[in-house]
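Trainee: quick check, what structure comes out for this input:
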Amino acid sequence: MKHNHPVAVVTGGAGALGAAIGRRFAENGDTIVLLDIDSEGLDSTVAAITADTGRPVIGRVVDIADPTAVAAAVGAIDDEFGRLDRLVNNAAVNHRAALSDIEDELWDRSMAVNLRGPMALCRAALPIWTRTGVGHVVNIGSRTWQSGGPSAYVASKAGVVGLTRSLALELGRLGITCNAVAPSMVVTPFTRGERTDTEFDRFVERHTSLSPLGRLATADDVVDAVEFLASAKARFVTGEVLHVCGGAQLAAAP
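Mentor: Numbers count the residues shown, from 1 in each chain. Take a look at the predicted model:
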């Protein structure tokens, strides 16, 4: 390996959850590579994590839906570091259109980012993992794969569960683990979307009521689960879906 520190790659790294995951890995001493399509958000996130942790953080503008761009990004990581210890597939889009309104283009975009993207990243990383035999993959799913919801988003997140299990079998032969974290709602700009203040307040209230613990998930709740599954403490855990929902995974859609 060309690099002495673990290398962690987080997609959707400019978003609230991706940035929180990247920050935790940086605090633990990893070298961080954040991938996102949002160049301005990426620049500000990289600057903030670097300033706060003193760890090297690299931001690369990549459309996760573009397999060629994904392969180039992973190739650059291999050239520079020669390793990829943790891969967190967090990037996602959520088109909330009803079945009667969903357009083919939006459906295809959801599948390309949410489902094909994680596959493409793992496929591109195969040469690294074959050589090093070291790696943890964590795919960010959603409790909605059980409860239902917007069809494109839920179908893609259900697909992430199947992909996780398949990758666990195939990558396990190389010594690589693959698991999924399925959170309930976390208050972020992503979950707020285009909702008005009133609509979002009602949305938060409905989701809060689903948990027997009486609250929503926080970013730290999700990050703690990701950190565990991407660590040596989970070295014999693979193919699992860890719900970070406070019991909300037991409820139907609100």
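Trainee: state the distance from residue 32 to residue 135.
Mentor: 16 Å (Cβ to Cβ, to the nearest Å). Where C-beta positions appear, they are placed from N, C-alpha and C, glycine not excepted.
Trainee: ok, now residue 154?
Mentor: 28 Å.
Trainee: one more: residue 215?
Mentor: Relative to residue 135, and taking Cβ to Cβ, residue 215 is found at 34 Å.
Trainee: who's more crowded, these two?
Mentor: It is residue 135, of residue 215 and residue 135, that has more neighbours when counted by other Cβ atoms under 10 Å, with 23 against 11.
Trainee: excluding chain neighbours, give the residue nearest to the more buried one in space.
Mentor: residue 176 (4.2 Å; Cβ to Cβ, 6 or more residues apart in numbering).
Trainee: could you pull out the helices in this protein for me?
Mentor: Per DSSP state H, the chain carries helices over the ranges 16-27, 39-53, 67-81, 104-111, 117-132, 144-147, 151-172, 189-192, 197-208, 219-229.
Trainee: where does the chain have low pLDDT?
Mentor: 1, 252-254 (pLDDT under 70).
Trainee: centroid-nearest residue for it?
Mentor: Of all residues in the chain, the one closest to the mean position by Cα atoms, centre = their mean is residue 90, 1.6 Å from it.
Trainee: in contact with that one, which residues are there?
Mentor: With contact set as Cβ atoms under 8 Å, 6 or more residues apart in numbering, residue 90 has these partners: 10, 11, 12, 13, 15, 17, 18, 21, 140.
Trainee: make TSV from these and add neighbour count and distance to residue 27 to it.
Mentor: Conversion of the contacts of residue 90 to TSV gives the following (neighbours: other Cβ atoms under 10 Å; distance: Cβ to Cβ, whole Å):
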residue	neighbour count	distance to residue 27
10	31	13
11	29	19
12	28	19
13	31	15
15	23	18
17	23	16
18	27	15
21	30	11
140	27	19
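Trainee: widest-spaced pair of these?
Mentor: 13 and 140 (12.1 Å; Cβ to Cβ).
Trainee: off-centre distance for stretch 46-59?
Mentor: 19 Å (Cα atoms, centre = their mean, to the nearest Å).
Trainee: pull out the buried residues from it.
Mentor: Neighbour counts using 16 or more other Cβ atoms under 10 Å place 46, 49, 50, 53, 55, 56, 57, 58, 59 of stretch 46-59 among the buried residues.
Trainee: then stretch 89-103?
Mentor: 89, 90, 91, 92, 93, 94, 95, 102.
Trainee: can you redo the helices of the chain as CSV with distance to residue 5?
Mentor: CSV is the format used below for those (distance: least, Cβ to Cβ, whole Å):
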stretch, distance to residue 5
helix 16-27, 10
helix 39-53, 12
helix 67-81, 9
helix 104-111, 34
helix 117-132, 14
helix 144-147, 34
helix 151-172, 22
helix 189-192, 29
helix 197-208, 38
helix 219-229, 16
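Trainee: and those: which comes nearest residue 238?
Mentor: helix 151-172 (4.3 Å).
Trainee: between the closest one and helix 104-111, how many degrees?
Mentor: 30 degrees (axes from the mean of the first three to the mean of the last three Cα atoms, to 10 degrees).
Trainee: now helix 151-172: buried residues?
Mentor: Neighbour count says helix 151-172 has 151-161, 163-165, 167-168, 171 buried, by 16+ other Cβ under 10 Å.
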